[in-house]
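J.: quick one, what's the 3D model for this:
(chains A, B, C, D and E)
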Amino acid sequence: MILVLEAAVLGVLTGGVYALMASGLTLIFGVMRIINVGHGALVVLGAYLSFVLWRNLNIDPFVSLVVTMPVMFVLGVILQVVFIRPLKADREALSVLVTYALALGIEGLLGFFFTSNYVQITAWYDTASFPIGNFRITYVYIYGFLLCLAILGAIFLMLYRTTFGGAIRATMLNRTAAQLVGIDVDRVSAVAFGIGMATAAAGGVVFGITNTFNPGSHYDLISRLLTIIVLGGLGSLRGAIIAALIMLVIEDITAVLISPVWADFVFFVVLVVVLLVRPQGLFGLRVRERL
Amino acid sequence: MAALLELEGLVAGYGGGDILLGIDLTVEEGSLTCIVGPNGAGKSTLLRVVSGLLKPTRGSVRFRRESIAALSPRAILNRGIVQVPQERSLFPTMTVWENVRLGAYTVRDRGLVERRLAAVGETFPIVKERRNELAASLSGGQQKIVEFARALMLDPTLLILDEPSMGLDPKTRTTVFNTIRSMNDAGHTLLLVEQNARSGLGIATHGVVMESGRVRLQGPGPEVLSNPEIGRLYLGAA
Amino acid sequence: MYDRRVLMLLGLVAVLAVALLLPAIAPDSATTNIAVFTVMYVGLATAWNIMGGYTGYISLGHAGFFGFGSYALGLLLAKLGVAGGYEPFLFVPVAGVLTAVLAAVVGWFALRTRAATFVIVTIAFMFMLQLLAENLTSLTGGGAGLAFPNPPWRGGFFNIPFYYAMLALALVGLAASWWIRRSKFGLGLLAIRDDEDKALAVGVPAGAFKLTAFVISAALVGMIGGVYGYYVTFIYPQFVVDPLIGISMVLMVFLGGLGTLWGPVLGALILEPAQLWLAYNYGVSRLYLVLYSAVFLLVILFMPRGIIPSASELIARRRARAPATRAGATP
Amino acid sequence: MSLLQVDHLSKRFGGVVAVDDCTLSIPAGGITGLIGPNGSGKTTIFNLITGFIAKDEGQITFKSQRLDGLGPDSVYERGIGRTFQLARIFPRLTALENLLVPIRRKGLRALFSRAGWSHERSKAMEMLEFLEIAQVADALGGSLSYGQRKLLELGAVMMAEPELVLLDEPAGGVNPALLERIADRLRTLNERGTSFLIVEHNMSFVMNLCSEVIVVHRGRQIASGKPDAVRSDPAVLDAYLGA
Amino acid sequence: MRRALIAIVAGAGLALTACGGGTATATPSPGTPITIGVSVSLTGDFSSDGPALVKGYDLWAEDVNKKGGLLGHPVTMKYVDDLSSTTQVVTNYQNLISSNHVALVFGPYSSLLTKPAATVVDRLGYAFPEPAGGAPSVFALNLHSLFFVQPAAIEDNLVSYTNWLLALPADQRPKTAAYATEDDPFTQPQIDKARKLLEAGGIQTVSYKVYPAETTDFTPLALKVASSNADAVILGTQVPDAIAFVKTFIAQHYNPKTLIETAGPDQGAQYSDKLGANTEGIMVPAGWTSGSQAFNNPTFVAEYIAKYGGTAADISADSAEGYSVGQVVEQAATKAGSIDNQKLIDTLHTGTYQTVQGPMGFDSVGRPQGGVGVFVEQWQNGNAVFVYPAAVAAAQPEYPKHDWQ
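T.: From the prediction side, this is the model:
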């Protein structure tokens, strides 16, 4: 029983990181109606950027976000303008391929510069822990969770308290009407992609401290992130966050209760069951099925 | 009164045939011009041309003497021609206040935005009263009025309303048309496209009846409405 | 018009002859090996196109069916104690039938969704299959892999039966694709791709048609997966239910031309040898992935509809321009 | 005996009542007009009849059989075809192929029915010639003009020989010359045995073509009868010009 | 008519191929340079081991060339990446042999890839000395051309460790043991055998978990092990999970009396980089250690450091295993007086060969024979050293293990 509780706590803490990564992905979908299959690769890229700063300049990985998030934001804007914006016809299908190609390209470049050895970012807080009962929580999970809360909070503030945030939400809700009030939806899309990348960078740091990773780590990440955003309802930020927490808690509890081998499987089963009942996901708006 | 918008010999259509077959029309500054006509008469096509979404095949579109036929929708918006579309265009899960504020999205001057917000709040009490409610929770007529308020945030030179009465019950319709009227009284130039001829022409300073891509009747609103010809235009020649 | 048909037919016969005689022309096992994989992808891309290209429902999870077919055949052979040789090929259609049954269940569920959700649901199914292959250790051998009977053939001859098996499946796929494209069923699929609601309005039973296309497509992929497993002799969950296999067939179809008969063939003929060659020659420098992705981005950005539609459009435009100018010259 | 009988049909979208206890009767063998001001629920009635949206209440009977709960494809199979307000054709199929799509068979028979290259094809060519668009038989639907699309959509829906066809604004966005042709072809098709129910705003088109006109307003029938009678009904004019 | 034509054409094709088929390995004339082909995992799941293997192969090639080449043939190594994928590994060996016409081939990394690769190499008539495919299922292939160049089949890797544990005085001996292993043909057989032996020796199993090789978040698993509070922890790991488990144990302040991991701690700097001083006391089964005095090992270590830098502790066992493959082939070639693959195969099945991992011979399916076996290595003071059995031990085993720092 205690073990289940521990697993649940751990699930919430790691779920926070996935919530952050998934929020960027679902934001991109909401604004542009594209699935960014390259999101996992961008998380890994973010992890590598922090890894370099940590290894070569000895910068604390959390501090390095001051550099990596802006860099990734700019990169995101560039990627959007160069690769996503030109897609006109059939953008839903083509964007999957384009972002997949980007993922492969990033994987290749990372492999070229860093080889494909597994690396991990280390910091004093990745093994230091404090006790809760007879269970100990590592500081990195707490810090990571707090970081995710802070960034998610900032995103929500931006979305709900600033004019530009309003423009992003407006674009998500009704693209045509947004254009009507003079919102430059192309610009909004580019910025949204940038924000998605910045959150990927932040998620990448926590991922990089709590997991060993190599350039190929993105496949596993993206399959989870996609499951999370579909479960939450495509384009719903709230849904993505809640789904991430639910998924990771269920996964970790399954791991201790039944067996770790079935944990991932349960992850997908939950998705299938939810979709059977609610094809639009937990918080998705029902898309009109016909006409 | 000076001519604000002038259409001359306008011919336009999609792909195959032309829908507009030579339109001559002038919208005077300060007027409330109302275009009515049966569906398929070409009213929506006309609006698409004015807002820059459709390029005319022939003829000219001038706004304050400048030809705007070749301009992009954004450029036309920047010149002060703002449109409230036929379908609901509020952002449903944003508050009324957020919706209205977004109307001035392109305005950089914060003070100006605040002043306009205040003014719009005065003109449309509902915007203030229900400022923190989600747009989706408003009734159809209330949503229409919020859309007007949002459009006014840009202080448009010409405000185009596309079928504002669509889907509204008679009582709400009256409120909406009263609001339109008062906007005109407050000095806004309005171009109204309406299916409901009686409501539209009833308040219009200038009425226009279109049919099959042509202007069939025009004159002061109430006069056009009382023209016996209008029934025939709607229900077809005997 | 007649000339063109004859030319096309001759071209077809020539291509077929080269395909059939390839092992004689280039018998070394390096070449035949590449040929096995290339023809394998011709079949996979063609099969995927029957669903993805014709109906417009993009499945990124077909690798699941590939892997399932592979395991189905491997387990059949193991349970029945079939020895290596030509006999295992006889069980390939059984693997196909089993895959079809699975696809019917998966399809029934997945086809309740459209567009983006469908894409992700297919991915989820693929990973579920992969995890099942990993976790049902007593059946599949889990991560230790599943062994196929070792065929008795030696040397360069070894690849040849597999080449012809793959070729036969690719031809079956092409025949199915050709038949579907010309049948009322196929027209219904294309109609669904263009406008599903309109298709319903003219009586196309979209649900049944989509499911049928999905099942046909999956069954072909499953059979090819079976032969693949026999060819590499050892299969592991992560290598037969490999997202890369799933995405490769999609990329090939897009490169050649979505929804066309020959597009997938062309895409596979270009991409698979290129991929094997790039990986073989530039794999060590790891830049091959970058090259691969660059090729892709270029194709999608500059030829979003694929080679065959883009080329035929170009030809059609030329042809249209030629008589027009002639007509203009004589008033 | 009516071909299509709609009884007490209702449909609400959120709080808005689109169709309100509507009862209609469409006679066999005629061309019936369904008119009414914008937003009066005509298209919703079409969508309810053809199974695109589910009704809240009421029943729909076609040839004495209930159509309840049938999907659009099954409704078509029973013999009711429809067109859309903005002509919908399959843009990436050729005009000829567009005509070969419609199908009135179910199950395996639908799967294995060949697009009978000889018979059905020649039938499709005949249809194209009948509509005078045979010259674009091999052109992609997407490259056709709007008028050609309108004709093509009509031709396609006729291919499987439905008993009743619901036309949503056949004259919308069509130039006068073409309008004549459409009216003429509809008459011919009607003479050959197909009944039509037409939603249309072009009144002269409706009045000239229809044997009977039904007027709906706010989701229910307010008048019906011969075109002249309907035209002179003050309630109808009020509905149109607004109260 | 056309069908008949096609049949004839196809038949002719097959017949032609049958005549022309078969890749005879041509023996190069003396003194000409030869190429040895290897498929290694430079990308994908095994990409952390691939490069270490390459270092060992390269070092050997350099050595043999300094001595004038392999039987006088200057040696060039050709590496191709297999992306850690079975499709590519099958392609690679066929290409190496029939397209690049390499004279010899060496094995790739992991049992997983060795299996499909071995069948290809075998049917093309080449010898297949390989450093990293020692799972029982590899030998179940019954290939006469395969030679596993490690001191023992990997199934027995932990036997030395269990012997040591069971030899401890009864009052010190662990009472309970927790096991967790990747579902992989390399790791799981080792763990299962160890479990069987320890249970027979009276050590109670309190936790046994098999997890998918694809797992990336090992924390729940590690928590499970930690919560069992077992005295002995025996893990079937590769590098990433080997590190992750230890980190969680540190975080949980869980200090088992003994901890052994099947792979990871033997990977030198790749492992110690991540754990620093906390490597202290961790054990790993190893056939090789940098401090071993086996045949030529001191030279190997010295040359390695000269070429790649670092310290002896940084050298991965993979490199030593790669080097050993070269040594075995070199001796077999000398013995056979030829580098003809068939002759090498015949020769390798007889006699004993000296390697940096000690002496070894091969049975008819390539299982190593007569080797010194696999020992227990333990990190002590920043170096991995042999601690058991006493005959090879450079230090006393540290037991119970130090608490985490």
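
J.: so for the least confident helix or strand in chain B by mean pLDDT, what gets flagged as buried?
T.: None of the helices or strands of chain B scores lower by mean pLDDT, DSSP states H and E than helix B:229-235, at a mean of 76. Within helix B:229-235, the residues scored as buried using 16 or more other C-beta atoms under 10 Å in any protein chain shown are B:230-235. In short, each C-beta sits where N, CA and C put it, glycine included.

J.: what's it packed up against?
T.: Counting contacts by 3 or more C-beta pairs under 8 Å, 6 or more residues apart in numbering or on different chains; DSSP states H and E, helix B:229-235 is packed against strand B:206-211, strand B:214-219, helix D:203-209, helix D:234-241.

J.: mind running it again at 7 Å?
T.: strand B:206-211, strand B:214-219, helix D:234-241 (3 or more C-beta pairs under 7 Å, 6 or more residues apart in numbering or on different chains; DSSP states H and E).

J.: can you tell me the average pLDDT over the second one?
T.: Regarding strand B:214-219, the rounded mean pLDDT is 89.

J.: just want the angle from it to strand B:206-211.
T.: Interaxial angle, strand B:214-219 versus strand B:206-211 (axes from the mean of the first three to the mean of the last three C-alpha atoms, to 10 degrees): 150 degrees.

J.: for the longest one, same thing?
T.: The directions of helix D:234-241 and strand B:206-211 differ by 110 degrees, with the same axes, to 10 degrees as the criterion.

J.: need the buried residues of helix B:229-235 in JSON lines with distance to D:Ala239, can you?
T.: Converted to JSON lines, those look like this (distance: C-beta to C-beta, whole Å):
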{"residue": "B:Ile230", "distance to D:Ala239": "14"}
{"residue": "B:Gly231", "distance to D:Ala239": "12"}
{"residue": "B:Arg232", "distance to D:Ala239": "16"}
{"residue": "B:Leu233", "distance to D:Ala239": "15"}
{"residue": "B:Tyr234", "distance to D:Ala239": "10"}
{"residue": "B:Leu235", "distance to D:Ala239": "11"}
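
J.: ok, so of those, who is nearest E:Gln327?
T.: B:Tyr234 (100.2 Å; C-beta to C-beta).

J.: which residues does the residue lying closest to C:Leu111 once chain neighbours are set aside contact?
T.: Counting by C-beta to C-beta, 6 or more residues apart in numbering or on different chains, C:Leu111 lies nearest to C:Lys210, which is 5.2 Å off, once chain neighbours are set aside. By C-beta atoms under 7 Å, 6 or more residues apart in numbering or on different chains, the contact list for C:Lys210 reads C:55, C:57, C:111, C:192.

J.: can you report how many residues lie near C:Ala168?
T.: 16 (other C-beta atoms under 10 Å in any protein chain shown).

J.: is it in a helix, a strand, or coil?
T.: Secondary structure, DSSP: H, G, I helix; E, B strand; the rest coil: C:Ala168 is helix.

J.: distance-wise, check it relative to C:Val265.
T.: Separation of C:Ala168 from C:Val265 (C-beta to C-beta, to the nearest Å): 15 Å.

J.: same question for stretch A:183-190, mean pLDDT?
T.: Average pLDDT, stretch A:183-190: 91.

J.: mind listing what A:Thr254 touches?
T.: Taking C-beta under 7 Å, 6+ apart, one finds A:262-263, A:266 in contact with A:Thr254.

J.: let me fix that: A:Gly233
T.: Listed by C-beta under 7 Å, 6+ apart, the contact set of A:Gly233 reads A:239, A:280-284.

J.: what about chain B: which of the residues you listed touch it?
T.: Among these, no residue sits close to chain B (C-beta under 7 Å from any C-beta of the partner chain).

J.: among those residues, which two are most distant?
T.: Farthest pair in these, by C-beta to C-beta: A:Gly239 and A:Gln280, 9.7 Å.

J.: of the two, which one has the most company?
T.: Neighbour count, other C-beta under 10 Å: between A:Gly239 and A:Gln280, A:Gly239 has more, with 24 against 19.

J.: can I assume the more buried one sits in a helix?
T.: Yes. Under three-state DSSP, A:Gly239 falls within a helix.

J.: can I get the helices and strands packed on helix B:229-235 in JSON lines with distance to E:Asp266 and mean neighbour count?
T.: Formatted as JSON lines, the helices and strands packed on helix B:229-235 follow (distance: least, C-beta to C-beta, whole Å; neighbours: other C-beta atoms under 10 Å in any protein chain shown):
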{"stretch": "strand B:206-211", "distance to E:Asp266": "86", "mean neighbour count": "25"}
{"stretch": "strand B:214-219", "distance to E:Asp266": "89", "mean neighbour count": "17"}
{"stretch": "helix D:234-241", "distance to E:Asp266": "88", "mean neighbour count": "17"}
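
J.: how far away is the residue nearest to C:Leu111 from C:Trp108?
T.: 10 Å.

J.: give me the neighbour count for E:Ala52.
T.: E:Ala52, neighbours per other C-beta under 10 Å, totals 22.

J.: phi and psi next, for the residue of the stretch 151-300 of chain E found nearest chain C.
T.: Residue of the stretch 151-300 of chain E nearest chain C, by C-beta to the nearest C-beta: E:Asp183 (3.5 Å). Main-chain dihedrals, E:Asp183, degrees, to the nearest 10: phi -80, psi 80.

J.: what's the closest non-adjacent residue to it?
T.: C:Gly143 (3.5 Å).

J.: check A:Leu102 too.
T.: A:Gly38 (4.2 Å).

J.: list the contacts of the one you found.
T.: By C-beta under 7 Å, 6+ apart, the contact list for A:Gly38 reads A:99-100, A:102-103, A:106.

J.: can you tell me which of those residues is nearest chain C?
T.: Among these, and counting by C-beta to the nearest C-beta, the member closest to chain C is A:Tyr100, at 6.0 Å.

J.: residues near the closest one, how many?
T.: Going by other C-beta under 10 Å, the residues that sit close to A:Tyr100 add up to 24.

J.: what comes up buried for the one helix or strand it maps to?
T.: Per DSSP states H and E, A:Tyr100 falls inside helix A:91-114. In terms of neighbour count (16+ other C-beta under 10 Å), helix A:91-114 has its buried residues at A:91-112, A:114.

J.: and it, what does it pack onto?
T.: helix A:39-57, helix C:115-135, helix C:243-256, helix C:288-302.

J.: still on that earlier bit, what's around the residue nearest to E:Asp183, how many residues?
T.: 27.

J.: surely it meets E:Asp184?
T.: Yes. Shown here, C:Gly143 and E:Asp184 form a contact pair, counting by C-beta atoms under 7 Å, at 4.8 Å.

J.: common neighbours of the two, please.
T.: Residues touching both C:Gly143 and E:Asp184 (C-beta under 7 Å, 6+ apart): E:Ala213.

J.: circling back to that earlier point, out of the helices and strands packed on helix A:91-114, which gets nearest to B:Arg108?
T.: helix A:39-57 (32.3 Å).

J.: could you give the angle of that closest one to helix A:91-114?
T.: Using the same axes, to 10 degrees: helix A:39-57 against helix A:91-114 is 20 degrees.

J.: then helix A:39-57 to CSV, C-alphas only?
T.: Taking Å, rounded to 0.1, in the frame of the first residue of the first chain, the C-alpha atoms of helix A:39-57 are listed here in CSV:
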residue,chain,number,x,y,z
HIS,A,39,8.5,17.3,-30.4
GLY,A,40,10.3,14.4,-28.8
ALA,A,41,13.4,15.2,-30.8
LEU,A,42,13.2,18.8,-29.7
VAL,A,43,13.0,17.8,-26.1
VAL,A,44,16.1,15.7,-26.6
LEU,A,45,17.7,18.7,-28.3
GLY,A,46,16.9,20.8,-25.3
ALA,A,47,18.4,18.2,-23.0
TYR,A,48,21.6,18.2,-25.1
LEU,A,49,21.9,22.0,-25.1
SER,A,50,21.7,22.0,-21.3
PHE,A,51,24.1,19.0,-21.3
VAL,A,52,26.7,21.0,-23.2
LEU,A,53,26.4,24.0,-21.0
TRP,A,54,26.7,21.9,-17.9
ARG,A,55,29.6,19.7,-19.2
ASN,A,56,31.7,22.4,-20.8
LEU,A,57,30.9,25.5,-18.8
